Every structure is written in structure tokens, then in C-alpha cells.
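J.: Mind looking at a prediction? Sequence and model below.
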Amino acid sequence: MIDYIKGKLVSKKTAGLIVESGGIGYSINCTLGTIENTGSIGDEVKISVHLNIKDNPFSVTLYGFRDEHERECFRQIISVSGIGPKTGLSILSAIGYNDLIDMISKGNYHPLTSISGVGKKTAERLAVELKDKLGKIESDTQGVSVNTGKLGELGKASELIGALMALGYNRLEADKMVRAISSRSDFMDMPTESAVREILRRK
């Protein structure tokens, strides 16, 4: 089992990272928070990883996280029936794991339904099956959440991210642009069109 990969960061893209270690370049699919907070090209980095092996067709994929807490949260998410690694990565990219733990502990699964691949029934199942499991994960209070930081704003943020992606921006760029405007006191009251125009004016 591979616990982490330590080496030189040679590529940093929306989908993940490539880290060279021992002459081998490892392609690692990562959460947006991990991508955003992992150094610069050429830096030596250390990425906690989860190795996923799939049959029919056979494939081996590495998933990377900014620390062991995020990785453990990911493992608990994909332990729920019907939730695969890609959906698990999407959940942790949209909702920082500290926020997810807090949300699940309060039985508030509704923000999950705004995430691609997570319907109401899946969100309910996640909330029920993860309530006790996630409560045992130590919360990293210094962790950086990649969403707006407020669970009530998740739907609004996701809507704006979708609009920006439709305009040609990738997910990481759209996430950064939305977070830059989410601190406004009138953020929740802004119509989508007005918010998008304001975001583009700030570019």
C-alpha cells in the first residue's frame, strides 16, 4: 500500500498533479483544495494518496489529498454503497472536509444534492451512513475549505461555478473566481447574471 508520495512537483493542472519521485512521474487525481494548496512547479511536495484498483477493465488510479484527515474522509465517503472515487473527489472538492463533517453531524445533507453525481437519495444515504464514521475523524481546524466556507452558500456557489464553466473557464478557475466574490454581504441576494458580470469585471 502506498501511503504518500514525496518528490518534485512537475505539473499542476485542474484534474490533478504529477509528482516525480525516484525517476518515476506519478499522475495523481486530487481535490481542488489539494491542487490549490500544493506548492509551485519545481517544489518538493508530499501528497497523501489513496491507491484505487479497479477490475473490468483493469485500472490503477492514485487519488491525492492535502493531509491524512482529508484522505480518511474520502475513504469513508467511498465506503458508502454507490459512491465511487470520482464522486468522492467531487464532494471533497465542493465541500471542505471540515464543513462536510460538521454538515453530516447536524444531519444537513441538502447541500450535497447540488454536487454533480449526488442525487437526493444518495445524499440521504451518505448522511445516514457517515454520521458516526465522520464524527470519529479528527477535524483539522487549520484546513482550507475550497468552497465558499458557508454551507448555506454552496448551492449559490455551485450555480455560479457552472455558469462560468459554461463560458469556458475550468473548474479550478471558476472556483477561485466565485470565492473572490462570496465575501460580499449581498452575495446571496445577487442574481446569477449580475454575479457573473461582477466576477468578470474583476478579472
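T.: Cool, the structure landed. Small disclaimer: the values here were computed from a predicted structure and weren't measured.

J.: which stretches of the chain form strands?
T.: Assigned by DSSP state E, the chain shows strands spanning 4-12, 16-21, 24-30, 44-54, 59-65.

J.: will you turn those into CSV that also has mean neighbour count?
T.: For every residue, glycine as well, the C-beta is placed using N, CA and C. Output for those, formatted as CSV (neighbours: other C-beta atoms under 10 Å):
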stretch, mean neighbour count
strand 4-12, 16
strand 16-21, 20
strand 24-30, 17
strand 44-54, 16
strand 59-65, 18
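
J.: Same list, the ones you listed, but as CSV with distance to V118 and mean pLDDT please.
T.: Converted to CSV, those look like this (distance: least, C-beta to C-beta, whole Å; pLDDT from 0 to 100):
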stretch, distance to V118, mean pLDDT
strand 4-12, 27, 95
strand 16-21, 21, 95
strand 24-30, 18, 95
strand 44-54, 19, 93
strand 59-65, 17, 93
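
J.: Compile the ones you listed into JSON lines and extend it with columns for distance to A127.
T.: Output for the strands of the chain, formatted as JSON lines (distance: least, C-beta to C-beta, whole Å):
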{"stretch": "strand 4-12", "distance to A127": "30"}
{"stretch": "strand 16-21", "distance to A127": "28"}
{"stretch": "strand 24-30", "distance to A127": "25"}
{"stretch": "strand 44-54", "distance to A127": "22"}
{"stretch": "strand 59-65", "distance to A127": "22"}
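
J.: Relative to I199, which of those is closest?
T.: Proximity to I199 (C-beta to C-beta) singles out strand 4-12 among those, at 22.7 Å.

J.: could you say what helices and strands the closest one packs with?
T.: strand 16-21, strand 24-30, strand 44-54 (3 or more C-beta pairs under 8 Å, 6 or more residues apart in numbering; DSSP states H and E).

J.: So which elements touch the longest one?
T.: Using 3+ C-beta pairs under 8 Å, 6+ apart, the elements in contact with strand 44-54 are strand 4-12, strand 16-21, strand 24-30, strand 59-65, helix 68-78.

J.: what about the longest one, average pLDDT?
T.: Right, helix 68-78. In this model, helix 68-78 carries a mean pLDDT of 90.
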